[in-house]
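K.L.:
Predicted model, plus sequence, below.
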Amino acid sequence: MAAVFQSERFFREAWPQISQAFASPTDAASDVEWIVGVAALEAGARILDAPCGFGRHSIELARRGFQVTGVDFSETELDRARKAATEAGVPLRLVCQDIRDMEFPGEFDLAVNLFSSIGYFSDDEDRLVIDRFWRALKPGGVFVLDTRNRDQLVRSLPPEERKRVNGWTLRIENAFDPATSRWRARWWRSKRAIAKAKEGAAELIGESEIRLYSAHELSAMLRPERWGHVELYGGLDGTPFSLDAPRLVLVGERRPRRWPPSRVLWSCSPVRSIPTARRSSSGRPASWSATTRPRPGSRGSPPRRQEYCSAFGRAAPRA
């Protein structure tokens, strides 16, 4: 079982109260349209969405006929996803699990990690998460990761943000630590006071912390012996990546399975077994020579020569 992480309480208690205010079905539909295109999925492909939250991308993928598995550690968000899937009339497999504990051996054609869902753990654990996605994919499967672009955020992050949520105001206090590349936020809720120009007392509903990665740092986490054709984009619409792009989207393909070099020897080479030396009547060792070598099949003859085909790891009788 994975250890508790810095922002776990925020995502269990505060985030379900505000998550739907940061999402729109229209955005999810356009995101999915681009993802399906860049992954070149076939009909009925199997897809992993982790974490899936309340299922907005999972449901859009299921609407297109794909077999979707959503993973999230929040039962509250998964309950919302189940309800939304039922209302949409689409099948959805949902699993309550920390993404660090995922175990899906080679099941999926596509895996997605969307909406800044990487960086909440230690750097080593983030690498582990990416390895979990690698294991979940079939050889040739596609991985899409979407997060904030660190290089753009450090130049544009305001000290404070406000958003209206269901009749109250959400205020976010932002701080970025350049030494650790971690963005810390404090989330406050305040209601309108009687005077429209003023706000009521604010209530702290949670604190979050995320490690932001630059493009080269995130790309380096996809080990070249496991991933191929890694590409960067500036959004889930195919926008070219640049320092000014607000999003960082990474698309990688799991390399096809390869046999170890020592096993990929498709030509068979003759290997002669070395016979054990016999002893003569005098007790001294005797060996075969070119003139005294027994006929094949006679008593005391050396073993028949065999062909060894290393691609199959066994000896085959010579024809």
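P.N.:
Received it, and whenever you're ready, just let me know what you need.

K.L.:
For the residue sitting nearest the centre point of the chain, give me the pLDDT.
P.N.:
By C-alpha atoms, centre = their mean, the mean C-alpha position of the chain lies nearest to F133, the distance being 2.4 Å. In this model, F133 is scored at 98, pLDDT.

K.L.:
any idea which element the residue nearest to it when sequence neighbours are not counted lies in?
P.N.:
Spatially, and ignoring its direct neighbours in sequence, F133 is nearest to A111 (4.7 Å; C-beta to C-beta, 6 or more residues apart in numbering). To be clear about C-beta, it is placed using only N, CA and C from the backbone, and glycine gets the same treatment. Using DSSP states H and E, A111 sits within strand 108-113.

K.L.:
Also D27?
P.N.:
helix 25-39.

K.L.:
Need the contact partners of that helix.
P.N.:
Residues from elsewhere that reach helix 25-39 (C-beta atoms under 8 Å, 6 or more residues apart in numbering): 56-57, 59-61, 64, 109-110, 112, 114, 142, 144, 146, 236-238, 251.

K.L.:
again with stretch 11-22
P.N.:
Outside stretch 11-22, the residues touching it (C-beta under 8 Å, 6+ apart) are 53-54, 73-74, 76-77, 80, 120, 163, 165-166, 170, 187, 205-206, 208.

K.L.:
Swap in 7 Å and give it another go.
P.N.:
G53, F54, S74, T76, E77, K163, V165, L170, W187, I205, G206 (C-beta atoms under 7 Å, 6 or more residues apart in numbering).

K.L.:
go on, stretch 238-246?
P.N.:
W34, N149, D151, Q152, A215, L232, Y233, G234, G235, L248.

K.L.:
quick revisit: who's the residue nearest to F133 bridged to?
P.N.:
Beta bridges link A111 to L48, F143 when assigned by DSSP bridges.

K.L.:
isn't E75 right up against V95?
P.N.:
No: checked against C-beta atoms under 7 Å, the pair E75 and V95 is beyond contact range at 11.2 Å.

K.L.:
who has more neighbours, those two?
P.N.:
V95 (15 against 12; other C-beta atoms under 10 Å).

K.L.:
what sits against the more buried one?
P.N.:
T69, V71.

K.L.:
any idea how far the residue nearest to F133 is from D237?
P.N.:
20 Å (C-beta to C-beta, to the nearest Å).

K.L.:
With neighbour numbers in mind, choose between these two.
P.N.:
Remark: of A111 and D237, A111 carries more neighbours, 30 against 12, as counted by other C-beta under 10 Å.

K.L.:
How much space separates that one from E161?
P.N.:
A111 sits 31 Å away from E161, taking C-beta to C-beta as the criterion.

K.L.:
Counting neighbours, what do you get for the residue nearest to A136 when sequence neighbours are not counted?
P.N.:
In this structure, A136 finds its nearest non-sequential neighbour in F104, 3.9 Å apart by C-beta to C-beta, 6+ apart. Counted with other C-beta under 10 Å, the neighbours of F104 add up to 18.

K.L.:
Please apply the same query to P224.
P.N.:
The burial count for P224: 10, using other C-beta under 10 Å.

K.L.:
Assign it to helix, strand or coil.
P.N.:
The three-state label given to P224 by DSSP: H, G, I helix; E, B strand; the rest coil is coil.

K.L.:
Thanks a lot, catch you later.
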